[in-house]
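Colleague: got a predicted model here, sequence first, then my questions.
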Amino acid sequence: MLLAQITDLHIDNTVPELSHIDARANALAVLDSLQKQGVRQLALTGDHAETYQGTEWFLEQVEQRGFQYRVILGNHDVFEPYLERNLLQPHPYFFEEMEGFRIFFLDSGNYWVDPVQLAWFKEGLASTSLEILVFIHHPVLDCGGTMMDTRYPLQNRDEVRQILVDNGREIGLFCGHYHTDAIIRQDNITQYVTPSTLYQLKKYSERPETDNENIGYRIISLENGKFETKIAYL
């Protein structure tokens, strides 16, 4: 099974320095590329659009192409279109089981994972013998003291990390938010940071600054409790 992770589209953003980037065209380019590859399953991991209209447009594009999709929200998302589609009910976090994995989709849209969700997550990890994958908007592991690590991190990332470490099993964790691609290994966790479909950030500037305008997404191949993953740039 092929699963594509798309993140940080920022459709209808209002940053003047980014006004020349057509975020909707970028989103369509990614969806069309995936469709040509025969990918049918999507993980949409936050900061999809910054307006109601942009979110509606993007979800309609996904649905019109027949993709099956899962949604978690980022810190720039608006809630209403997802609520109207019952995508955040009964909670904005959930898990699925497929191909020998229990796959968790965590909510960090407010820059933290709340205590009720943490308790649910800990119990969900403990109650399965399946392999574990985690999707979350914000990285859990520090990516080397980057600008995003120091200015816009997940506020309780150490707490989330400790739950994963205490579980003891190998964990594949997929995130976005940092507008870059990276693989970070710590203890039993391998974290895969997926690039944005809008632009990529310089890692060590003092403020958010564009590194390049390549757009990317991630492909994950799942089969019988094993996975492979790669980044694709357009």
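Modeller: Okay, I see it.
Colleague: rounded mean pLDDT for stretch 29-41, please.
Modeller: For stretch 29-41, the mean per-residue pLDDT is 97.
Colleague: how far does that stretch sit from the chain's center?
Modeller: 17 Å (Cα atoms, centre = their mean, to the nearest Å).
Colleague: residues near the nearest residue to E213 once chain neighbours are set aside, how many?
Modeller: Leaving aside its chain neighbours, E213 sits nearest to Y199 (4.9 Å; criterion: Cβ to Cβ, 6 or more residues apart in numbering). Where C-beta positions appear, they are placed from N, C-alpha and C, glycine not excepted. Using other Cβ atoms under 10 Å, Y199 is surrounded by 22 other residues.
Colleague: does Y199 touch I21 like I think?
Modeller: Yes - using Cβ atoms under 8 Å, Y199 is in contact with I21, at 6.3 Å.
Colleague: give me the common contacts of the two.
Modeller: Shared contacts of Y199 and I21 (Cβ atoms under 8 Å, 6 or more residues apart in numbering): E213.
Colleague: so what's H179 up against?
Modeller: 8, 148, 195-196, 198-201.
Colleague: what about A49? Give its phi and psi, please.
Modeller: Here is the backbone geometry of A49 (degrees, to the nearest 10): phi -160, psi 160.
Colleague: what's the burial count for it?
Modeller: 24.
Colleague: then T55?
Modeller: 22.
Colleague: over to D114?
Modeller: Using other Cβ under 10 Å: D114 sits among 13 other residues.
Colleague: show the pLDDT at the residue nearest to it when sequence neighbours are not counted.
Modeller: Sequence neighbours aside, D107 is the residue nearest to D114 in space, at 7.9 Å (criterion: Cβ to Cβ, 6+ apart). D107 is assigned 98 on the pLDDT scale.
Colleague: contact partners for D107?
Modeller: Taking Cβ under 8 Å, 6+ apart, one finds 72-73, 91-93, 113-114, 117 in contact with D107.
Colleague: what is the three-state secondary structure of it?
Modeller: coil (DSSP: H, G, I helix; E, B strand; the rest coil).
Colleague: and it, how close does it get to V160?
Modeller: 12 Å (Cβ to Cβ, to the nearest Å).
Colleague: between the two, what contacts are shared?
Modeller: With Cβ under 8 Å, 6+ apart as the test, D107 and V160 both reach V113.
Colleague: could you check how far the helix or strand of the chain with the lowest mean pLDDT is from the centre of its chain?
Modeller: Lowest mean confidence among the helices and strands of the chain (mean pLDDT, DSSP states H and E): strand 210-212, at a mean of 93. Its chain's C-alpha centre and that of strand 210-212 lie 20 Å apart, by Cα atoms, centre = their mean.
Colleague: nice, that's everything, thank you.
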